[in-house]
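J.: coords please:
(chains A and B)
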Amino acid sequence: MSPDPTSSDAENRDAELHDLLSALLDGELAPAEASEVRAYVDRHPEAQVELDDLARVRSWVRDLPAVDPPFGFYERLLRPPAPARRFGPKLAAALGAAAAAVVVLVGVTPLSDRVAPPVNAYAERHMHMVAPTPDPAAGGGTIAGSAPATTGGSGSVPGSVAPPLTVPSSALPGSESFQAMPAAELDGHGIPAQLTTGYRRMGGYIGDGGVMHLMYTNGTVVVSVYEQSGTVAWDALPTAGTRSQVGSMPSWDMSSDNEEVMVVERGTTVYTLVAVAAHDEMIDVVMAMPEPPAPSMAERAQQASHTVVASFGFDQ
Amino acid sequence: MTIGEETDRVPTWEEVARDYGRFLYTVGYRLTGNHEETQDLVQEVLLRVNRGLATYRPGSMEGWLSRIATNAFLDDVRRKKRRPIEPLPEDAERVLPGARPADEALDAANLPDHVQAAIRSLPEDYRAAVVLCDVVGMSYEEIADALDAPIGTVRSRIHRGRSQLRELLR
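T.: Alright, predicted model coming up:
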């Protein structure tokens, strides 16, 4: 006896309709086709069970949480790591995170000549600022490379650590003298007290040569940002450094035993960033922090730039 | 620029990385199932984005990125196989691992891990279709366009992918 062709056709059609269960669930069928699949489900209780299961599976997949990249992942992409770093990727990631945030800090200053930031002097000044400061009362100081102890006063934000109020210019290494700026004045110029990467402002200083020195910390790593107008005379920077890129911005960086210096050229503004390696365990904590939301500092920086330029006569 | 927004201008590469980084990483992780491969994939996607931004037509950035990510993922899978691409098995049962033992019953706390592991065990073409549908939220038509496949194939891949997940997550 030959098989009933009508029955075989019906089975084939049922198999086709079965394969459309997910499309029915997703509302991806034309009305007539959807009616046909629903009729198939009505005729086959096991299809209804499967449809319910598929809905549950779909909701499980849909409800999976978003996945955060490791801390600093995008900063590393934006700034390919320079070769031969001595303290590995952790500090680089932390510094990269800060750099990516702070390079949009203070906006545009007038065109000027090519400059070679005195990177060694800036690094020395940074080291001096974060080095242990003997405290006669407490009998101790701060840990080199970590955030200095709170001293309050000018340039600090409430509840944050801050470098010494008034740093005698003569006592500091560097190519020029710097004077501390009160916090209110920094705020008034639109210098962010808090960066979206979790770094908060420790203080700000203005040099007699027009260079602004800002210090930020995330509680573990201290980053100095020196800002000056001009474009970078790359060839004049120490040969120990390496040319690199921060996004589309040309940069240069140099590592030493315990610090890293990076120079970034953004338009006609030059930023020199310095950071000191902190304890590895602390860096681990920094690395584990979730990626902060997208910054909105660019707009504030744009406003701030004009104020800063006017206030300090950078455009004169 | 916010996620899901239909943009009427071409963003910069940095804006894409900044504004869509988490979205892109999530899609990449769902496709690859591990962080190492995800980072490689995201890096490859951003390279392609950088090359393709000039030809990007303002619209759904998420859709565009998902399409690039999925194709980069499938390209990588094919490259790694180092042999001619074999047709996908038509019989879903043949590729199913064994059912989960009773003592490994799903619990709410570990459900996302189980679901991710099950997704990773899917054949790559099924996985791509399911991720584009249920993680990205694309329509079948959009998925067909992204995968350059007929819509009937997309229906089949999504259904078979979910059916396999159903078996794996019983």
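
J.: Give me the helices and strands touching the strand or helix carrying B:Arg51, please.
T.: Using DSSP states H and E, B:Arg51 sits in helix B:35-52. Contacts defined by 3 or more CB pairs under 8 Å, 6 or more residues apart in numbering or on different chains; DSSP states H and E place helix B:35-52 against helix A:73-78, helix B:13-32, helix B:61-81. (Each C-beta comes from the backbone N, C-alpha and C, glycine too.)

J.: Please convert these to TSV, extending it with mean neighbour count and mean pLDDT.
T.: Shown next, in TSV, are the helices and strands packed on helix B:35-52 (neighbours: other CB atoms under 10 Å in any protein chain shown; pLDDT from 0 to 100):
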stretch	mean neighbour count	mean pLDDT
helix A:73-78	21	69
helix B:13-32	22	88
helix B:61-81	19	89
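
J.: out of those, nearest to B:Gly161?
T.: helix B:13-32 (12.1 Å; CB to CB).

J.: can I assume B:Pro11 sits in a strand?
T.: No - B:Pro11 is assigned coil when assessed by DSSP: H, G, I helix; E, B strand; the rest coil, not a strand.

J.: What strands flank the helix or strand harbouring A:Tyr216, and is each parallel or antiparallel?
T.: Assigned by DSSP H and E, A:Tyr216 belongs to strand A:212-217. Strand A:212-217 pairs in its sheet with strand A:200-207 (antiparallel), strand A:222-229 (antiparallel), by DSSP bridges.

J.: could you dump the ones you listed to JSON lines with mean pLDDT and mean neighbour count?
T.: Listed next are the strands paired with strand A:212-217 as JSON lines, based on pLDDT from 0 to 100; neighbours: other CB atoms under 10 Å in any protein chain shown:
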{"stretch": "strand A:200-207", "mean pLDDT": "81", "mean neighbour count": "24"}
{"stretch": "strand A:222-229", "mean pLDDT": "79", "mean neighbour count": "25"}
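
J.: Dump those to JSON lines, plus distance to B:Tyr140.
T.: Formatted as JSON lines, these follow (distance: least, CB to CB, whole Å):
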{"stretch": "strand A:200-207", "distance to B:Tyr140": "49"}
{"stretch": "strand A:222-229", "distance to B:Tyr140": "49"}
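
J.: Show me how far the helix holding B:Arg51 is from its chain's centre.
T.: Here helix B:35-52 is found 13 Å from its chain centre; the criterion is CA atoms, centre = their mean, to the nearest Å.

J.: now swap in stretch B:118-127 and tell me
T.: That offset, for stretch B:118-127, works out to 9 Å (CA atoms, centre = their mean).

J.: contact partners of it?
T.: With CB atoms under 8 Å, 6 or more residues apart in numbering or on different chains as the test, stretch B:118-127 has contacts from A:61, B:30-33, B:73-74, B:77, B:88-89, B:95, B:97, B:130-131, B:147, B:157-158, B:160-161, B:164-165, B:168-169.

J.: Quick one: buried ones out of these?
T.: A:61, B:30-33, B:73-74, B:77, B:130-131, B:147, B:157-158, B:160-161, B:164-165, B:168-169 (16 or more other CB atoms under 10 Å in any protein chain shown).

J.: hang on, the earlier thing: of all the strands paired with strand A:212-217, which lies closest to A:Asp26?
T.: Short answer: strand A:200-207, nearest of those by CB to CB, at 47.4 Å.

J.: and the closest one, C-alpha only, in CSV?
T.: C-alpha atoms of strand A:200-207 as CSV (Å, rounded to 0.1, in the frame of the first residue of the first chain):
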residue,chain,number,x,y,z
ARG,A,200,39.4,64.7,41.7
ARG,A,201,41.3,67.8,41.7
MET,A,202,44.0,68.3,44.3
GLY,A,203,45.1,71.7,43.4
GLY,A,204,46.2,74.0,40.6
TYR,A,205,49.2,76.3,40.1
ILE,A,206,50.1,78.9,37.6
GLY,A,207,53.6,79.3,36.5
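
J.: got the residues of chain B near chain A?
T.: B:13-14, B:17-19, B:21-23, B:25-26, B:29-30, B:35, B:38-39, B:42-43, B:46, B:111-112, B:115-116, B:119, B:130, B:133-135, B:139-140, B:155-156, B:158-160, B:162-163, B:165-166, B:169 (CB under 8 Å from any CB of the partner chain).

J.: Can I get the helices and strands packed on helix B:35-52 in JSON lines including distance to B:Leu53?
T.: Shown next, in JSON lines, are the helices and strands packed on helix B:35-52 (distance: least, CB to CB, whole Å):
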{"stretch": "helix A:73-78", "distance to B:Leu53": "15"}
{"stretch": "helix B:13-32", "distance to B:Leu53": "6"}
{"stretch": "helix B:61-81", "distance to B:Leu53": "10"}
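
J.: Go through those and name the closest to A:Val67.
T.: That would be helix B:13-32 among the helices and strands packed on helix B:35-52, by CB to CB, at 4.2 Å.

J.: and the angle for that closest one with helix B:35-52?
T.: If you take axes from the mean of the first three to the mean of the last three CA atoms, to 10 degrees, helix B:13-32 sits at 140 degrees to helix B:35-52.

J.: burial measure for A:Trp234, as a count.
T.: Neighbourhood size, A:Trp234 [other CB atoms under 10 Å in any protein chain shown]: 15.

J.: for A:Ala180, same thing?
T.: A:Ala180 - counted by other CB under 10 Å - has 22 other residues nearby.

J.: Within the sheet, what are the partner strands of the helix or strand hosting it, with directions?
T.: For A:Ala180, the host element (DSSP H and E) is strand A:178-181. Strand A:178-181 has the following strand partners under DSSP bridges: strand A:200-207 (antiparallel).

J.: Can you tell me which helix or strand of chain A has the lowest average pLDDT?
T.: helix A:280-288 (a mean of 33; mean pLDDT, DSSP states H and E).

J.: can you tell me if the longest helix anywhere in chain A touches chain B.
T.: Counting residues, the longest helix in chain A under DSSP state H turns out to be helix A:45-62. Yes - applying CB under 8 Å from any CB, one finds helix A:45-62 touching chain B at A:50, A:53-54, A:57-58, A:60-62.
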